[in-house]
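1. Compute the structure for the input listed below.
(2 chains)
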Amino acid sequence: MSTNDSRNPLFMPLIVLGGALFGFGLAYSGMAKPEIVLDFLQLQDWGLVFVMGGAAAVTGTVITVATRYLSRAPLTGERYGKREKTFDRSVLLGGVIFGVGWGISGLCPGSAYASLGIGNFPILIGIAGMFLGAYAQGYWRSYRENTTGTATPSD
Amino acid sequence: MIGPELLTILGQLPTGLFPRGISQYAVGGVLIGLGVSTIYLGTAITPGASTFFESTLSYFSEIPRFNRAKYLATRDWRIVFTLSMVAGASIYALTLGGGGWTTDVGAWRLLAGGVLVGIGTRLGKGCTSGHGINGIASLSGTSLANVATFMLAAIGVALSMQALGVSP
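-> Below you'll find the model as predicted:
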């Protein structure tokens, strides 16, 4: 990862453009409304399949082309790669906990940011909850690493 | 015990799977993919939405977990990325989206759900964008397993809550 000093001047503008497209797309798709997400989770409206599928299809095509035919990203000099995280029990346990939270509220992180953007201020309660949960998780893991004395492999 | 209620719900399914149509979902999904791809093509970063929590907590907490190099090096652009998502959604609301909108989902559901989302996405190494878009796009086995797990859990919980009469 490049340091701040050596960052290309176009780095942040590109993040802004990509983030804005992402947020606009989330709002356009309806996923910024927890009610529509809950309709999917209650099997009333399967539109979310098209949202996730459409996004993954576009991104998958770009990742495939870039990893095969392009070498390094122009703004960072980093090699194009895939998103690969190591598999362990945490992936499944975390998936269950996230899923329960998603099922209760209809909230996931990206859609919550977009929801704030469409004027849904009650969503701040959910975002505050996410910070609380992330803090609790990090606190607990740090505590456990200190007490057991074993280094947890980086994820 | 939940059996008959589940059957009742399944009996009430609309005949169409897409009562609001398909286009808003497909177009929105493509736009989301273009946003992710824009950042990826320029930087080789596959941006997820939930690392923002840990990386931003590094500004406020001394806990080593939040202060690892990979968070410190990315925390500034993750804030910019998140605020840009908020702004992009605002642009939609002010142009095509018909102005503002607020949810009827109860505060306790937002809070409890939010806390679990915070724990689960960090423990599980990603969320619907990290695993669900970038991970699926990378055909990552880890991400496929995570997405299948959170989908099943979420559908089970949402149907159970509906059966218990929690609404909206």
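
2. Could you use CA atoms for every contact and neighbour count after this?
-> Noted.

3. for B:S50, what are its contacts?
-> Residues in contact with B:S50, defined by C-alpha atoms under 8 Å, 6 or more residues apart in numbering or on different chains, are A:P109, A:G110, B:G118, B:T121, B:R122, B:G126, B:C127, B:G130.

4. Retrieve the pLDDT associated with it.
-> With respect to pLDDT, B:S50 scores 96.

5. quick one: the helices in the chain?
-> No chain in the question, so chain A it is. Counting by DSSP state H, chain A has helices at residues A:11-29, A:34-41, A:47-69, A:89-105, A:109-117, A:123-148.

6. my bad, the chain I had in mind was chain B
-> Counting by DSSP H, chain B has helices at residues B:3-11, B:23-43, B:51-57, B:69-72, B:75-94, B:107-123, B:136-137, B:141-163.

7. Dump these into CSV; add distance to A:I123 as well.
-> Below are those laid out as CSV (distance: least, C-alpha to C-alpha, whole Å):
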stretch, distance to A:I123
helix B:3-11, 28
helix B:23-43, 20
helix B:51-57, 15
helix B:69-72, 25
helix B:75-94, 12
helix B:107-123, 7
helix B:136-137, 27
helix B:141-163, 18
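
8. do you know which of the ones you listed lies nearest A:G133?
-> Ranking the helices of chain B by proximity to A:G133 (C-alpha to C-alpha) places helix B:107-123 first, at 4.3 Å.

9. could you check the angle helix A:123-148 makes with that closest one?
-> Going by axes from the mean of the first three to the mean of the last three C-alpha atoms, to 10 degrees, helix B:107-123 is angled at 40 degrees with respect to helix A:123-148.

10. Dead centre of chain B: give me the residue that sits there.
-> The centre of chain B sits closest to B:T128, judged by C-alpha atoms, centre = their mean, with a distance of 4.4 Å.

11. ok, back up a step: quickly compare the helices of chain A and say which is most buried.
-> Most buried of the helices of chain A, by mean neighbour count (mean count of other C-alpha atoms under 10 Å in any protein chain shown): helix A:109-117, with a mean of 28.

12. Give me the helices and strands touching that helix, please.
-> Under the contact definition 3 or more C-alpha pairs under 8 Å, 6 or more residues apart in numbering or on different chains; DSSP states H and E, helix A:109-117 sits against helix A:11-29, helix A:123-148, helix B:75-94.

13. starting at the chain centroid, how far to it?
-> Relative to the centre of its chain, helix A:109-117 is centred 11 Å away, using C-alpha atoms, centre = their mean, to the nearest Å.

14. For residue 105, give me its contacts.
-> Let's take chain A. Per C-alpha under 8 Å, 6+ apart, neighbours of A:S105: A:P34, A:L38, B:V105, B:R109, B:L110, B:A112, B:G113, B:G114.

15. ah, no, chain B please
-> Shown in contact with B:V105 (C-alpha under 8 Å, 6+ apart): A:P34, A:E35, A:S105, B:S167, B:P168.

16. List just the nearest of those to A:T76.
-> Lowest distance from A:T76 to the contacts of B:V105 (C-alpha to C-alpha) belongs to A:P34, with 35.7 Å.

17. Can you read off the pLDDT for the closest residue in space to B:T142 that isn't next to it in sequence?
-> The spatially closest residue to B:T142, leaving aside those adjacent along the chain, is A:F87, at 5.2 Å (C-alpha to C-alpha, 6 or more residues apart in numbering or on different chains). Here the pLDDT value assigned to A:F87 is 96.

18. can you check B:A87 too?
-> Here the pLDDT value assigned to B:A87 is 98.

19. My guess is it contacts A:L116. True?
-> No: using C-alpha atoms under 8 Å as the test, B:A87 is too far from A:L116 to be in contact (9.1 Å).

20. how far away is A:P13 from A:G19?
-> Here A:P13 is placed at a distance of 10 Å from A:G19 (C-alpha to C-alpha, to the nearest Å).

21. How about B:L139?
-> 23 Å.

22. quick one on the thing from earlier: looking at the contacts of B:V105, spot the one nearest B:F150.
-> Nearest member of those to B:F150, counting by C-alpha to C-alpha, is A:S105, at 13.4 Å.

23. What residues sit buried inside stretch B:66-76?
-> B:F66, B:N67, B:Y71, B:L72, B:A73, B:T74, B:R75 (16 or more other C-alpha atoms under 10 Å in any protein chain shown).

24. Low-confidence stretches in chain B?
-> Within chain B, the stretches with pLDDT under 70 are B:1-15.

25. can you rerun that using 80?
-> Within chain B, the ranges that satisfy pLDDT under 80 run B:1-15, B:168.

26. What is the burial count for B:T46?
-> The number of residues packed near B:T46 is 23, by other C-alpha atoms under 10 Å in any protein chain shown.

27. before we move on, what about B:P64?
-> B:P64 sits with 13 neighbouring residues when counted by other C-alpha under 10 Å.

28. Quick check: it touching A:R141?
-> No: if you go by C-alpha under 8 Å, B:P64 and A:R141 don't touch, sitting 9.9 Å apart.
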